[in-house]
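*Asks:* got a sequence here, can you build the structure:
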Amino acid sequence: MAKKSDSDIGKNWEKIKQRLRAELGEEVYSSWFGRVEPEGLSNGLLQLSVPTKFLQKWLESHYATKVLTTCKDELPSVSSLEFLLRGPNTMMNAANNMATVAGEANTASAHTPANVHQARSRTPEIGITNRNATSFRSRQKNDGSPLNPRQTFNSFVVSASNRLAYAAAKQIAESLSAYQPKYNPLFFHADVGRGKTHLLQAIAWEMKQNSRETKVIYLTAERFMIDFADALTNRDALNFKQKLRNADVLLIDDIQFLKGENNQKEFDHTINALIDSGRQVVVASAMSPAKLKCLDPRMRSRMAGGLVTEIGAFDRELRLRILQQRVEIEAGECPGFLVQDEVMNFLTDKLTQSGRELEGAITRLRAAYQLTAQPVTMQMAMDIVGAIIGGSEPRRVRIDDILRTISQQYAVSRGDLLSARRTRSIVRPRQIGMYLSKQLTSRSLPEIGRRFGGRDHTTVIHAIRKIEELMNEDPNLRDEIETLKKDLHN
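*Replies:* As a prediction, this is how the structure comes out:
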């Protein structure tokens, strides 16, 4: 089949862009589609280019189906879609490689330059081609996400708030030879900066040090999703599954970020297979298993059936000991670096939210000492605390922020939220959005109504009362809305 002319593609692409803008909303369209350009269409394959790898990956994982469906409506000859990473030679190579795509759909061209990351395998459900398969296979050689050499048991500061979690992690790391793990799964949960990742990585370091034969894999939820997506698009899912299910110990971090039905199902199957075969599983999350909406009820129950430990807030003694340890580490790398007790006490009393704040403060003090060759003073500490606390204050929330967050959380377009449609899947998110607008902004009820599609203030009042009533009856909804509030303030 002959290649469709650039003028025809350009004409139809304008219509496609207009539809995407109308259906997704101006804000979503501007953020993700403003820099997408058509490169060519041949044998049903439409190639679109983007300027960054992040944008390429985001569009492939979040909007590929939507874009393909819209393209098919305007260009019936389109059967598959490919996002290219745009470079100086993208236009030329897109044209040169069309014949290769048509004749060898699953084989990467040997002449494709490095700046055009392509793959010829296709996702059967929606016919989307993806990046070069070597991206996933190269990562397969690694044991999951990278480990921080500083995050070991020796550097973990123990106190009453984290003693149980530390003891459980230590016992698992030292007793792998047991036929059946004693605590399986082990589940840590806590707010950010309290040591969950530190403990997971400490387990990995300890086991790797004690036995080279032990297969330990540490993965963030994000890395799990990326690797699984790559495995599916490159038809390498079997190797992905075998890699994880052959692990002696699987450590999963930030599980609250696990999204997508396929990812969740694969996670469930992997965890069940490992636990049933007597392999150790350790999971860390910002919330307890019961509050993890990303897991189905059976998996939440299985997580809760192991040892669930919460890492509590840092007391003053622990904060001071973390600061002292950090100063010792920095002084060992930077001779002459010294922090007086007065400054240490000041930092201990002012920085109370997380260990990351404490470590960040000492890192900044060391930088100031190195750059100015001046001793650490109280004024330095006051300036640093002001910057840290000021930067962590809740930001001002706008109704646009609420609309965007609601749209992402409930997979409802901005256009639907503002429309007159009254299906349950749209009405409830719309009511939650109105409730949050009243709670988190200074806008009046009539203004909120206008921003939600020109509704009057009585509709807003009804929505607020309805959500308050449901929150009193349903603790899960209450937790869900509290999570949305935190997301909007971050």
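*Asks:* can we go C-alpha only for contacts and neighbour counts from here?
*Replies:* Fine.
*Asks:* C-terminal to the helix or strand that contains residue 199, what's the next element?
*Replies:* Here residue 199 sits within helix 196-210, counting by DSSP states H and E. Along the chain past helix 196-210, the next helix or strand (assigned with DSSP H and E) turns out to be strand 216-220.
*Asks:* what helices or strands is that following strand leaning on?
*Replies:* With contacts defined as 3 or more CA pairs under 8 Å, 6 or more residues apart in numbering; DSSP states H and E, the secondary structure elements packing on strand 216-220 are helix 196-210, strand 249-253.
*Asks:* avg pLDDT for the helix holding residue 199?
*Replies:* Mean pLDDT, computed over helix 196-210, is 90.
*Asks:* check the offset of that helix from the chain's centre.
*Replies:* When distances are taken as CA atoms, centre = their mean, to the nearest Å, helix 196-210 is centred 22 Å away from the chain's centroid.
*Asks:* can I get the helices and strands packed on strand 216-220 in JSON lines with distance to residue 284 and mean neighbour count?
*Replies:* Shown next, in JSON lines, are the helices and strands packed on strand 216-220 (distance: least, CA to CA, whole Å; neighbours: other CA atoms under 10 Å):
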{"stretch": "helix 196-210", "distance to residue 284": "6", "mean neighbour count": "21"}
{"stretch": "strand 249-253", "distance to residue 284": "5", "mean neighbour count": "25"}
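*Asks:* need the strands for this protein, in chain order.
*Replies:* 37-42, 45-50, 80-85, 122-123, 128-129, 186-189, 216-220, 249-253, 280-285, 307-310 (DSSP state E).
*Asks:* parallel or antiparallel, which strands does the second one pair with?
*Replies:* Note on strand 45-50: by DSSP bridges, its sheet partners are strand 37-42 (antiparallel), strand 80-85 (parallel).
*Asks:* pick the most deeply packed of those.
*Replies:* When neighbours are counted by mean count of other CA atoms under 10 Å, the highest per-stretch mean among those falls to strand 80-85, a mean of 26.
*Asks:* show me the one of the strands of the chain that comes nearest residue 428.
*Replies:* Distances from residue 428 to each of the strands of the chain were compared using CA to CA; the shortest belongs to strand 280-285, at 27.2 Å.
*Asks:* coming back round to it: contact partners of the helix holding residue 199?
*Replies:* When contacts are taken as CA atoms under 8 Å, 6 or more residues apart in numbering, the neighbours of helix 196-210 outside the stretch itself are 147-148, 151-153, 156, 166, 169-170, 172-174, 188-190, 214-218, 251, 253, 282, 284-285, 311.
*Asks:* going through the residues you listed, which ones are buried?
*Replies:* 147, 151-153, 156, 166, 169-170, 172-173, 188-190, 214-218, 251, 253, 282, 284-285, 311 (16 or more other CA atoms under 10 Å).
*Asks:* run a quick neighbour tally on the residue lying closest to residue 375 once chain neighbours are set aside.
*Replies:* When the adjacent residues along the chain are set aside, residue 375 lies closest to residue 369, with 6.2 Å between them (CA to CA, 6 or more residues apart in numbering). Using other CA atoms under 10 Å, residue 369 is surrounded by 19 other residues.
*Asks:* hang on, isn't residue 369 packed against residue 376?
*Replies:* Yes. Taking contact to mean CA atoms under 8 Å, the distance of 6.3 Å between residue 369 and residue 376 places them in contact.
*Asks:* how much space between residue 224 and residue 428?
*Replies:* 31 Å (CA to CA, to the nearest Å).
*Asks:* still on that earlier bit, OK, contacts around the residue nearest to residue 375?
*Replies:* With contacts defined as CA under 8 Å, 6+ apart, the neighbours of residue 369 are 337, 375-376.
*Asks:* so which of those residues wins on neighbours?
*Replies:* Using other CA under 10 Å as the neighbour test, the contacts of residue 369 are led by residue 337, with 20 neighbours.
*Asks:* tell me the contacts of it?
*Replies:* The neighbours of residue 337, taking CA under 8 Å, 6+ apart as the test, are 330-331, 366, 369, 375-376.
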